[in-house]
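S.K.: Generate coordinates for the sequence data below:
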Amino acid sequence: MSLKSTNKIETNTYELEIEASAEEFEAAVQAAYLKAKNKINVPGFRKGKATRKMIENLYGESCFYDDAVNAMVPEIVGGAIDEAKLTLVDRPEIDVTALSKENGVSFKVKCITKPEVEISDYMGIEVEKPAKTVTDEDVEKQLKAMQEKNGRLVTVEDRAVENGDTVVIDFEGFMDGKAFDGGKEDGFELKIGSGQFIPGFKEQIVGKNTDEEFTINVTFPENYQMEELAGKPAEFKIKLHEIKKTELPDLDDDFAKDTSEFDTLDELKADIKKKLEDNAEKAADAEVENKIYDTILANMKAEIPQVMFEHKIDDMVRDFEIRLSQQGLDLDMYLSFVGMDKAAFRKTFEEQAQKTVKLRLALEKIAQLENLTVSDDEVLEELKKMSETYKVPVEQLMNVVSPETLKTDMVVTAASKLVKEKAVIK
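M.R.: Sure thing, here's the model as predicted:
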């Protein structure tokens, strides 16, 4: 293999010209023949017994060329990229520009590389830590939420539906006088004021009485998941079977015993306050961290290839899909529920993806400037910790987690820790 030239054609983009000799090409063609010969039919011969010459006479001299070139690419192109000292952020685009038995193979390879980063003023960043005070009202609000969570539904027979009630209804939807698919349900339980269901539907149930039959009119939202209904008016015929209200338990010592490990309401309140204070402190620390990171990003300069952002969005979408699968959903089903296409869905991750990529590049540069390193022994120790956490042997874990990638992650973590330790918190 010979790297003939390395040409920068635009920011973060290089074009390599590479040549593989006739001898290298011949060796690749022979390897391709040996790999394929047992699968090739030649009249008069059992599979695997025909010579390469016989097969080439029957199917053409170039019959193994494609397989040979494909087999050559990882070593030839990978070696040239290493020789050019390029760090790629995307798959290279490879074109075969010339190919012959006599002269070998010529390639042109377009490479998108990791950007150069400049950063300044990352030490001693001044940040104001917000004061987060927990009040008695905050405690009461949390206690109220616990009370509502432990409430029970009881049937109401002496009044009409009020906001906050739960009703049991039969309904059937009609559009232009005709029932539509998915618009009918019997014994449906609906909480009034919950935000569930079509806008305007629940409000027209308020004031109705048990066993009452009535009609309500609504308009489906423009972004409704069923396109045939989106933005269109509809009529629903309703039969109200039951009205239920939430009966709340008294806030007393018995409530504390029933809902927590505490014997008195005062102890429960003290615990709620302590947890709220801990959460407030964590939120304040997170805000400080974000301000430090925002300052770092403001002080960095880099022309970042768009493909790096797209790859990060890919990762975030995959993570989202995994979480959906744990709930028995897939992405297409979710998108139909929220009335969004894939392009719009990816757009929701764009801002966070950009910030994540930029911050990673900035911290890598800081680690380089501060000569931060992680030893192989430290990487092994981290792998052992991960092994204990996930109950997976280290050797098996290394098939999933690259030690080199882990080392880079640990260096980035060290850079993050450094700038936070050196920050001036007011």
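S.K.: residues in contact with the closest residue to Ile9 other than its chain neighbours?
M.R.: Nearest residue to Ile9, sequence neighbours excluded (Cβ to Cβ, 6 or more residues apart in numbering): Glu15, at 5.1 Å. From N, CA and C alone the C-beta is placed, and that goes for glycine too. If you count contacts by Cβ atoms under 8 Å, 6 or more residues apart in numbering, Glu15 has them with 6-7, 9, 108-111.
S.K.: And for the residue nearest to Glu19 when sequence neighbours are not counted, the neighbour number?
M.R.: Excluding its sequence neighbours, the residue lying closest to Glu19 (Cβ to Cβ, 6+ apart) is Ser2, at 4.7 Å. By the criterion of other Cβ atoms under 10 Å, Ser2 has 14 neighbours.
S.K.: what about Gly164, which SS state?
M.R.: Secondary structure, DSSP: H, G, I helix; E, B strand; the rest coil: Gly164 is coil.
S.K.: From Gly151, how far out is it?
M.R.: Gly164 sits 11 Å away from Gly151, going by Cβ to Cβ, to the nearest Å.
S.K.: Can you work out which residues contact both of the two?
M.R.: When contacts are counted by Cβ under 8 Å, 6+ apart, Gly164 and Gly151 have Thr246 as shared neighbours.
S.K.: Read off the pLDDT value for the residue nearest to Glu19.
M.R.: For Ser2, the model assigns a pLDDT of 88.
S.K.: and it, what does it touch?
M.R.: 18-21.
S.K.: and the residues you listed as JSON lines, adding secondary structure?
M.R.: Putting the contacts of Ser2 into JSON lines (three-state DSSP) gives the following:
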{"residue": "Ile18", "secondary structure": "strand"}
{"residue": "Glu19", "secondary structure": "strand"}
{"residue": "Ala20", "secondary structure": "strand"}
{"residue": "Ser21", "secondary structure": "coil"}
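S.K.: now, which of these sits nearest Asp158?
M.R.: Closest approach to Asp158 among the contacts of Ser2 (Cβ to Cβ): Ile18, at 86.6 Å.
S.K.: From Phe25, how far out is that closest one?
M.R.: Separation of Ile18 from Phe25 (Cβ to Cβ): 12 Å.
S.K.: Make sure I have this right: the residue nearest to Ile9 is in a helix.
M.R.: No - the assignment for Glu15 (three-state DSSP) gives strand, which keeps it out of a helix.
S.K.: What separation do you get for it and Pro74?
M.R.: 19 Å.
S.K.: ok, Thr264 touching Asp254?
M.R.: No - contact criterion Cβ atoms under 8 Å: Thr264 and Asp254 do not qualify, at 10.0 Å.
S.K.: Ala71 - nearest residue in space that isn't next to it in sequence?
M.R.: Using Cβ to Cβ, 6+ apart and skipping residues adjacent in sequence, the residue nearest Ala71 is Ala28, 5.5 Å away.
S.K.: hang on, isn't the one you found packed against Pro74?
M.R.: No - between Ala28 and Pro74 there is no contact under Cβ under 8 Å: 11.4 Å.
S.K.: Tell me which of those two has more neighbours.
M.R.: For Ala28 versus Pro74, the count of surrounding residues by other Cβ under 10 Å is larger for Ala28: 24 against 9.
S.K.: contacting residues for that one?
M.R.: Contacts of Ala28 by Cβ under 8 Å, 6+ apart are 20, 68-69, 71-72.
S.K.: Out of those residues, give me the one that has the most neighbours.
M.R.: Neighbour tally across these (other Cβ under 10 Å): the maximum, 25 neighbours, falls on Ala20.
S.K.: Just grab the bridge partners of it for me.
M.R.: With DSSP bridges as the criterion, Ala20 is bridged to Val105.
S.K.: buried stuff in the least confident helix or strand in the chain by mean pLDDT?
M.R.: Least confident helix or strand of the chain, by mean pLDDT, DSSP states H and E, is helix 331-338 with a mean of 84. Applying a neighbour-count criterion of 16 or more other Cβ atoms under 10 Å, one finds Tyr334 buried in helix 331-338.
S.K.: which stretches of the stretch 151-300 of the chain form helices?
M.R.: Remark: helices assigned in the stretch 151-300 of the chain by DSSP state H, counting those that start in this stretch are 253-259, 265-298.
S.K.: one step back: ok, the contacts of Ala28 vs Glu56, which is closest?
M.R.: Ala68 (12.2 Å).
S.K.: Which helix or strand contains the closest residue to Asp95 other than its chain neighbours?
M.R.: Closest residue to Asp95 apart from its sequence neighbours, by Cβ to Cβ, 6+ apart: Lys108 at 4.7 Å. For Lys108, the element it lies in under DSSP states H and E is strand 104-112.
S.K.: Show me what counts as buried in that strand.
M.R.: Quick answer for strand 104-112 (16+ other Cβ under 10 Å): 104-109, 111-112.
S.K.: Check stretch 356-375 too.
M.R.: Neighbour-count burial for stretch 356-375 flags 356-367, 372, 374 (criterion: 16+ other Cβ under 10 Å).
S.K.: circling back: for Ser106, see how far away the residue nearest to Glu19 is.
M.R.: Computed with Cβ to Cβ, the distance linking Ser2 and Ser106 is 10 Å.
S.K.: residue boundaries of the strands in the stretch 1-150 of the chain?
M.R.: Assigned by DSSP state E, counting those that start in this stretch, the strands in the stretch 1-150 of the chain fall at 2-10, 13-20, 93-100, 104-112, 118-119, 126-127.
S.K.: Which among those is found nearest to Ser416?
M.R.: When the strands of the stretch 1-150 of the chain are compared by Cβ to Cβ, strand 118-119 sits nearest Ser416, at 13.3 Å.
S.K.: Okay, now the sheet partners of the closest one, with direction.
M.R.: strand 300-301 (antiparallel).
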